[in-house]
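S.K.: Attaching a predicted model along with its sequence, questions to come.
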Amino acid sequence: MELVEKVGTIQEEHLKSFEEKIERGDAIEPRDHMPESYRKHLMRQMSQHAHSEVIGMQPEGNWITRAPSLRAKQILLAKIQDEGGHGLYLYSAAETLGITRTEMIEQLHSGKAKYSNIFNYPALTWADIGAIGWLVDGAAIVNQVSLQRTSYGPYSRAMVRICKEESFHQRQGYEIMANMMKGTKDQQAMAQDAMNRWWWPSLMMFGPHDSESPHTGDAFKWKIKRASNDELRQKFIDKTVQQAEVIGLTIPDADLKWNEAKNCYDHGAINWEEFHRVIAGNGPCNKQRMAHHKKVHAEGAWVREAAEAYRLKKGQ
Amino acid sequence: MTEQQALYKYCLRLGDNALIQSYRLSEWCSNAPILEEDLALTNFALDMTGRAQALLSYAGKLDGNNKTDDDLAYKRGERDFYNLLITEQPNGGFAHTIARLLYTSTFEYFFYTELLHSADATLAAIAAKTIKEIKYHKAHATDWVLRLGDGTEESHYRMQQGIDSLWMFTGEMFETGEADALLRDKNIAVDLGAVKSKWQASIAAVLAEATLALPKDEYMQTGSLQGVHTEYLGHILTEMQYLQRAYPEAIW
């Protein structure tokens, strides 16, 4: 009984010290004590983030061989490599929480771990490469900038590094759209069509309205999440509308209008039925993305085994 | 054939080798056995696209018709491409791709080391930039051939298959045409005979260390110096050139 009490006291002290650190705004580092639910929350969020970077390589990779100029091909290749690099970096950061990359991939394949819903939409034309860079990476940056102040040190540092590259990606996407809008009628139509298809899914990337996703969760208390879904979505809309206007693209939202009193844009209703349907696995590409990842992973097993056998043989 | 025409063709051949192999390597995006390898192979594709751009830009200037690198990459037909047949072969499995990378990067390593001393300043400058990248490609391919050759029974078998099946495309690397002869006289082109002996010694050493058998010289495929390719190139160009062909007025 005495031992149980002692353990209980130590745990309370650990929790107190953890909460004090959070309160002061200090970063939590891998060797620091952290509540199990904090660790679990981060593991889920960081692995989801890593998987998103990797699965996102599929729709963009779909256009490398068809990139319309050598310059465009080089930029796209470099961008996709950045995304893969972010995936590696985030897998490593998540491993500091006590989970391996192999386990994270198993969780992705079993459906326990998710990836960003946006990559369940197809990249159909070259303009989609522009829209993904400009809108999807643009939305991701808004979220990631706020995560630079997240409380877990390795995650926060990963975000600082990743944000630098993501802002290049957004400019790359915007440049594609701007060039197409300066181009032929066909190109302009292609750009507007991509805008129409990617706008709403991009807004959905921020998740449900705050009213549907209360702030009371530990994520806010522990400073993992630093801004609400609606706050982040609003930031994205406000910066993007003007960018669209500059190059002559129309935002596909008849209800979008400037609200003088609030000093921001009001937007139309988001189709949450679509959001939930795609999350549940019934988007245009959910099955394709997962089937591809599983197939490639299975086909590569013999290579990983050979590398391991060679390492053991050579005592490396 | 004038010296300028010879140099034009020489640059096209080198540029096309880089362009077409870059295409094949880029197909590994999201398809490699581990994420690190996905990044490595597409990074090599990026290196090669850059090399293709430099060589095709130079070729465009030599041509005298104000052609850009993109004109030459995206608006030439199949019979006007001079890349080696080995570069256009399908990726096959991972071991197959690694076998090709060993053959080509070892060739390119010795080739571009020689080209550093070319009397043509532009080619020498391109060689100086590209040789740094090629050293990585060669080291990476060699590492994998050793791992797979001397890894498991299965990987040994697959690696040997890759080495054997691509062997018949390696003879072409050392073929010379009218342009080579003309440019050799001016100390612009590389002496492929010297490259060949170094290539053979290097490949034999790597395969021996990897416990793999050196294929026997049998019939070697040929044709690319005359722009005669395997059926695969047409499909590559169909895909690669699609946007430029479908929207000829567009600027991307």
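M.R.: In hand now; what should we look at?
S.K.: ok, so what distance separates the nearest residue to residue A:225 once chain neighbours are set aside from residue A:147?
M.R.: In space, not counting the residues next to it along the chain, residue A:225 is nearest to residue A:219; the distance is 4.1 Å by CB to CB, 6 or more residues apart in numbering or on different chains. All C-beta atoms are positioned from the backbone trio N, CA, C, and that covers glycine. Taking CB to CB, to the nearest Å as the measure, residue A:219 and residue A:147 are separated by 11 Å.
S.K.: Ok, residue A:258 next?
M.R.: Applying CB to CB, one obtains 28 Å for the distance of residue A:258 from residue A:147.
S.K.: Kindly report the same for residue B:212.
M.R.: Note on residue B:212: its distance to residue A:147, by CB to CB, is 48 Å.
S.K.: One more: residue B:196?
M.R.: Going from residue B:196 to residue A:147 by CB to CB gives 55 Å.
S.K.: more crowded one of these two?
M.R.: Neighbours were tallied for residue B:196 and for residue A:147 using other CB atoms under 10 Å in any protein chain shown; the higher tally belongs to residue A:147 (22 against 16).
S.K.: Let me know the pLDDT of the more buried one.
M.R.: On the pLDDT scale, residue A:147 is placed at 93.
S.K.: which ones are touching residue 138?
M.R.: The chain I'm using is chain A. Going by CB atoms under 8 Å, 6 or more residues apart in numbering or on different chains, residue A:138 touches A:170, A:173, A:202, A:236, A:239, A:240.
S.K.: was after chain B, sorry
M.R.: When contacts are counted by CB under 8 Å, 6+ apart, residue B:138 touches B:102, B:105, B:106, B:108, B:109.
S.K.: so how far is residue B:101 from it?
M.R.: Using CB to CB, residue B:138 is found at 8 Å from residue B:101.
S.K.: Contacts (any at all) between chain B and the top helix by length along chain A?
M.R.: The longest helix of chain A (DSSP state H) is helix A:153-181. Yes: on the criterion CB under 8 Å from any CB of the partner chain, helix A:153-181 is in touch with chain B at A:176, A:179, A:180.
S.K.: re the thing from before, neighbours of the residue nearest to residue A:225, how many?
M.R.: Using other CB under 10 Å, the number of residues around residue A:219 comes to 17.
S.K.: That one: helix or strand, and which one exactly?
M.R.: Taking DSSP states H and E as the definition, one finds residue A:219 inside helix A:218-221.
S.K.: Check the offset of whatever helix or strand comes next after that helix from the chain's centre.
M.R.: Under the assignment DSSP H and E, the closest C-terminal helix or strand after helix A:218-221 is helix A:229-247. Distance of helix A:229-247 from its chain centroid, counting by CA atoms, centre = their mean, to the nearest Å, is 17 Å.
S.K.: Tell me, what's the model's pLDDT at residue A:215?
M.R.: 52.
S.K.: Ignore what I typed, I meant residue A:316.
M.R.: Residue A:316 is assigned a predicted lDDT (pLDDT) of 69.
S.K.: circling back to that earlier point, most surrounded residue in the contacts of residue B:138?
M.R.: Neighbour counts for the contacts of residue B:138 (other CB under 10 Å) peak at residue B:108, which has 29 neighbours.
S.K.: Show me which residues of the stretch 1-150 of chain B are close to chain A?
M.R.: Taking CB under 8 Å from any CB as the contact definition, the stretch 1-150 of chain B meets chain A at B:23, B:26-27, B:29-39, B:42-43, B:45-46, B:49-50, B:52-53, B:56, B:69-70, B:73-74, B:93-94, B:146-148, B:150.
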